[in-house]
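Engineer: I'd like to go over a predicted model; first the sequence, then the structure.
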Amino acid sequence: MDSPLGFVIRDGLESDIRACLELDHHYETDYVWQMTVSDEPGEWRAAFKTQRLPRTLEAEYPSDEQRLRLALAPDQCFLVVAGKTEPDILAYLTMRRDPVYRLALIQDLVVSRPYRRRRIATRLLNVARRWAQEQGLIQLTIENHTRNYPGIAFCKQAGFVFCGFNDRYFPNQDIAIFFSQSLR
């Protein structure tokens, strides 16, 4: 059993960006969400199903310095988790605020590999929820890759529900899937 880990969650600073980018963003999965599209006259269907892979996929979550810098703006949310005894960055979250639709979009929720399964992501998510509620937002959405099955499982475990997709969302043209939760 891992020993208790003391950490603090605080606003991210420009000086934290390099440390966030240097975290271990790798993950492994035995599953992906596979999308199929059917285009019949008068009907269009998209379906997702969990697909077991023939072997474990090792992937890296795509970190992005520009996304972190944009999250520094006062009306956006950039949170970091730092150790109490050693101030190393262990995790981070970025969230974009949309005041028109009163929603918050979590773009990054990353816990460095050595610190996973210690409820850090859950604690970060709780702080992000409070921030969004304080901003008067009513909906919280998380974007994810279809191959990030651990991220998908986390969203479902945290009470988010599937709410849509974009088949060419990310810079590499990967499919994004979105999970949402009401803040009311």
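Structural biologist: Perfect, I can see it now.

Engineer: Need the contact partners of whichever helix in the chain runs longest.
Structural biologist: Counting by DSSP state H, the longest helix found in the chain is helix 120-134. Outside helix 120-134, the residues that touch it by CB atoms under 8 Å, 6 or more residues apart in numbering are 5, 7, 9, 77, 79, 81, 90-93, 95, 97, 104, 106, 109, 111, 140, 154, 158, 183. Glycine gets a C-beta too; all of them are placed from N, C-alpha and C.

Engineer: Now with 7 Å, please.
Structural biologist: By CB atoms under 7 Å, 6 or more residues apart in numbering, the residues outside helix 120-134 that reach it are 7, 9, 77, 79, 81, 90-91, 93, 95, 104, 106, 109, 111, 140, 154, 158, 183.

Engineer: And it, how far out from the chain middle?
Structural biologist: Remark: helix 120-134 is offset 12 Å from the chain centroid, using CA atoms, centre = their mean, to the nearest Å.

Engineer: List the buried residues in that helix.
Structural biologist: Buried positions in helix 120-134, judged by neighbour count with 16 or more other CB atoms under 10 Å: Ile120, Ala121, Leu124, Leu125, Val127, Ala128, Arg129, Trp131, Ala132.

Engineer: Among these, pick out the one closest to Tyr61, please.
Structural biologist: Using CB to CB, Ala121 comes nearest to Tyr61 of those, at 12.3 Å.

Engineer: In terms of pLDDT, where does the closest one sit?
Structural biologist: We note a pLDDT of 95 for Ala121 in this prediction.

Engineer: now swap in Asp2 and tell me
Structural biologist: Predicted confidence (pLDDT) at Asp2: the value is 51.

Engineer: Quick check: Asp16 vs Leu125, distance?
Structural biologist: Counting by CB to CB, to the nearest Å, the separation of Asp16 from Leu125 is 19 Å.

Engineer: Most distant residue from the centre of the protein?
Structural biologist: Using CA atoms, centre = their mean, the residue of the chain lying farthest from its centre is Pro41. It sits 36.3 Å away.

Engineer: tell me which residues of the longest strand seen in the chain are tucked away?
Structural biologist: Taking DSSP state E as the criterion, the chain has its longest strand at strand 43-60. Neighbour-count burial for strand 43-60 flags Phe48, Ala59 (criterion: 16+ other CB under 10 Å).

Engineer: And stretch 148-161, by the same measure?
Structural biologist: Under the neighbour-count criterion of 16+ other CB under 10 Å, stretch 148-161 has Asn148, Tyr149, Pro150, Gly151, Ile152, Phe154, Cys155, Ala158, Phe160 buried.

Engineer: Thank you kindly, that will do.
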